[in-house]
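Colleague: after the sequence you'll find the predicted model.
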Amino acid sequence: MPIWAWVSATVAYGTYALWSLLLPRLRRVVPPRIRRGLDVLGMNAVLALVLAEVALRVGGTFWPSPLLMAPSAPPQVRRGANRGPPGQIRFNFPLNQGGHYDSEFKPASAVPGPVVVSIGDSYSYGTVPHAFHFTTVAEQEIPGVEIYNMGYPQIGPSDYLYLLEHEALPLDPDLVVVNLFLGNDVTDGPGMPMGPPRWYDADSYMVAVVWRRWQIMRRARLAHRAEVTADPNLTRGELAVVYPWLADPFLEKPSFSREVFLEIEARNARGICTPDAGHERFFQTLADMERVAERAHVPLALVLIPEEFQVEDDLWEEITRKSVGPRLDRDRPQRMVVEWMERRGGAVLDLLPILRAVPPLKDGRRHLYHLQDSHFNARGNEVAGRAIARFVASLLSTEPAPPGHKASQTVAESRPPAVSLPLHVDIGDSSARGWMHSGWQVDETAGGASYAWSDGMRSVLTIPLPTGTDIRMDFEALPFAFSRSPQQRVSVILNGTVIEEVPLRPGLQKYSVILPADVVLGAPDTLEFRYAYARAPQDVLRLSSDSRMLAVAWYSVDFFRIGTDERQPKPRGIGARPSVAPKLRGGMARPPV
């Protein structure tokens, strides 16, 4: 603060005046050799500070990095410092030629279906392998749509504007989605214009800046990340073996110490939840994005990513308990942005209510963010990815093509016809592969029955069901069980809406779930099965060498129209055919002991 700077200056000048007055007496008391030594030491200290300042500034200019980047550095230098080099491996996936965490971008003219560009900050890199990233999840949920993941850490809305104009729009996309992390994007820190440097600002001196950054890094005690695997062909299940915390958030290691994490969360809370905080620069940048996209005749939409303290109640309580000053308004940033977009008729997806609707785990927390990190973990990426997929699909199917824009097939035009009911899907038979979108192992047979194991923590069917009626879904499944295994539970999710959580009994059983008509979209419908656990048999069964992440063996799924072709529903777990234990590599599935 300036007052302390002036106090320090007064003390310094007073000390100098006192030194001048006492100098004749000190010359008589202090021997010449000691005086010369002190003189050389003081001069060298000043010279060392000056040379260190020059060296750090020169180094930051020619070798930009987050540690050496000056606060007053121009935007192009800051972007270059934070963008990863092409080919750098994150987990098992290389950055593309633009330094983005995705495969190489192609112009829309070279892609058969719609192209969507997703722009963001460190959330674009994230804390999970590419196969688990929310843009990948969303892309898998919308067959035929390419979603490009564009962005890198330590950038803000002003940098999103740059990426929109210079990298996204030249690809001629059908839609651009800007992901705003409301924890710090509302303050638009990196994009704020710098005032003239003042001598008392610590940020004016690179020695002080680098020292402070190094202290933060030392106190943070960043968790040691799992070593990068060079195999780019690993499936989601195999990645979950390499990185077990992908399937079980309780295995996550903290990215920051608790002290530093709480400091970051408290600082962000003060920045976005204080009622009197102004954010004119932020909204001006959003308006600039709208104008740039409108000139290019490309629709622009926003996705609002909440801070972790907005989702986890215990974290919010801890922050507010220690907070001093004005009362914090937890949902303020979402209200501001949504109201601003609604006044302008823009499209916006607020993830906050979607994330809050996720049921807590056994410790009462939702575990959608990596431990002490503020970025989505695999669980959070899945929830966000599915919500973004529905949002994007709705915009592509309703947004008219602007004049002069390239013709492209929309999701609505590419919808397959609805299936006829009753429908029998024989899981494990090649005829079912057209419906099995993701999360399935290879087809297998045992005892004359065909089946397929799930792959990882979720499996997805994409089926264009007929609309306008409730549908009963019967499925035959066998949970992967081992000694002391917990009860397997399958959450049935239709088009992002949780229908029911079904507890599975040991052995091959039949279960029934009603799919409400108001959730059936037929676009096609995304039917997701999420599991309470998935384990590798080699980790829990003796003599097994099977490294696949297994949860449930699926035999069949049947769909019936309520009231016409349906049979009377049977109680869950009743009416099962004789159980046939599916084979494992080096072992057999067994009921719990």
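Modeller: Structure's in. What do you need?
Colleague: quick one: the strands in the stretch 351-500 of the chain, in order.
Modeller: Secondary structure of the stretch 351-500 of the chain by DSSP state E, counting those that start in this stretch: the strands cover 423-425, 436-438, 440-446, 449-454, 458-463, 471-479, 489-494, 497-503.
Colleague: what angle do the longest one and strand 449-454 make?
Modeller: Translated: strand 471-479. 90 degrees (axes from the mean of the first three to the mean of the last three Cα atoms, to 10 degrees).
Colleague: ok, strand 471-479: who's next to it in the sheet?
Modeller: strand 509-515 (antiparallel), strand 552-561 (antiparallel) (DSSP bridges).
Colleague: point out the most buried one among those strands.
Modeller: strand 552-561 (a mean of 22; mean count of other Cβ atoms under 10 Å). Glycine gets a C-beta too; all of them are placed from N, C-alpha and C.
Colleague: mind exporting it as CSV, just the C-alpha atoms?
Modeller: Taking Å, rounded to 0.1, in the frame of the first residue of the first chain, the C-alpha atoms of strand 552-561 are listed here in CSV:
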residue,chain,number,x,y,z
VAL,A,552,-20.9,-55.2,-14.9
ALA,A,553,-21.3,-57.9,-17.5
TRP,A,554,-24.3,-57.0,-19.7
TYR,A,555,-26.4,-59.6,-21.6
SER,A,556,-29.4,-57.8,-23.0
VAL,A,557,-31.4,-54.6,-22.9
ASP,A,558,-35.1,-54.6,-23.9
PHE,A,559,-37.4,-51.7,-24.6
PHE,A,560,-41.3,-51.8,-24.4
ARG,A,561,-43.9,-49.2,-24.9
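Colleague: ok now that strand, how far from the chain's centre?
Modeller: 32 Å (Cα atoms, centre = their mean, to the nearest Å).
Colleague: ditto for stretch 83-101
Modeller: With Cα atoms, centre = their mean as the basis, stretch 83-101 stands 17 Å off its chain's centre.
Colleague: in the chain, where's the longest helix?
Modeller: helix 32-62 (DSSP state H).
Colleague: let's have the strands paired with strand 471-479 in a markdown table, adding mean pLDDT and distance to residue 330.
Modeller: Below are the strands paired with strand 471-479 laid out as a markdown table (pLDDT from 0 to 100; distance: least, Cβ to Cβ, whole Å):
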| stretch | mean pLDDT | distance to residue 330 |
| --- | --- | --- |
| strand 509-515 | 95 | 35 |
| strand 552-561 | 95 | 38 |
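Colleague: of those, which is nearest residue 490?
Modeller: Within these, the stretch nearest residue 490 is strand 552-561; the backing value is 6.5 Å (Cβ to Cβ).
Colleague: that closest one to strand 458-463, inter-axis angle?
Modeller: 30 degrees.
Colleague: what's the angle between strand 552-561 and strand 489-494?
Modeller: Using the same axes, to 10 degrees: strand 552-561 against strand 489-494 is 40 degrees.
Colleague: returning to that earlier point: report the distance from the longest helix of the chain to the chain centre.
Modeller: The answer for helix 32-62 is 45 Å, by Cα atoms, centre = their mean.
Colleague: before we move on, the earlier item: so can I have CSV of the strands paired with strand 471-479 showing distance to residue 295?
Modeller: Formatted as CSV, these follow (distance: least, Cβ to Cβ, whole Å):
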stretch, distance to residue 295
strand 509-515, 44
strand 552-561, 47
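Colleague: of these, which is nearest residue 423?
Modeller: Ranked by Cβ to Cβ, the member of those that lies closest to residue 423 is strand 552-561, at 4.5 Å.
Colleague: contacts only, for residue 302.
Modeller: Going by Cβ atoms under 8 Å, 6 or more residues apart in numbering, residue 302 touches 177-180, 286, 337, 341, 346-349.
Colleague: can you tell me the SS state at it?
Modeller: Applying DSSP: H, G, I helix; E, B strand; the rest coil to residue 302 yields a three-state assignment of strand.
Colleague: which residue, neighbours along the chain excluded, lies closest to it?
Modeller: residue 348 (4.5 Å; Cβ to Cβ, 6 or more residues apart in numbering).
Colleague: list the contacts of the helix or strand encompassing the one you found.
Modeller: Secondary structure assigned from DSSP states H and E places residue 348 in strand 347-350. Strand 347-350 is touched from outside by 299-304, 334, 337-338, 341-342, 387-388, 391, 395, with contacts defined as Cβ under 8 Å, 6+ apart.
Colleague: returning to what we had before: which one of the strands paired with strand 471-479 lies closest to residue 166?
Modeller: strand 509-515 (45.4 Å).
Colleague: any idea of the angle the closest one forms with strand 497-503?
Modeller: Interaxial angle of strand 509-515 relative to strand 497-503 (the same axes, to 10 degrees): 160 degrees.
Colleague: let's see strand 509-515 as PDB, backbone CA atoms only.
Modeller: The C-alpha trace of strand 509-515 is given here as PDB (Å, rounded to 0.1, in the frame of the first residue of the first chain):
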ATOM      1  CA  GLN A 509     -30.500 -61.000 -12.800                       C
ATOM      2  CA  LYS A 510     -33.200 -59.000 -14.700                       C
ATOM      3  CA  TYR A 511     -34.100 -55.500 -13.700                       C
ATOM      4  CA  SER A 512     -36.700 -53.000 -14.900                       C
ATOM      5  CA  VAL A 513     -36.700 -49.200 -15.100                       C
ATOM      6  CA  ILE A 514     -39.300 -46.800 -16.500                       C
ATOM      7  CA  LEU A 515     -38.000 -44.100 -18.900                       C
END
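Colleague: count the neighbours of residue 256 for me.
Modeller: Residues lying near residue 256 (other Cβ atoms under 10 Å) number 21.
Colleague: that one contacts residue 372, correct?
Modeller: Yes: using Cβ atoms under 8 Å, residue 256 is in contact with residue 372, at 5.0 Å.
Colleague: where along the stretch 51-200 of the chain do the helices fall?
Modeller: With DSSP state H, counting those that start in this stretch, the ranges of helices along the stretch 51-200 of the chain come out as 75-82, 122-125, 134-141, 157-163.
Colleague: lowest average pLDDT across those?
Modeller: Among these, helix 75-82 has the lowest mean pLDDT, at a mean of 54.
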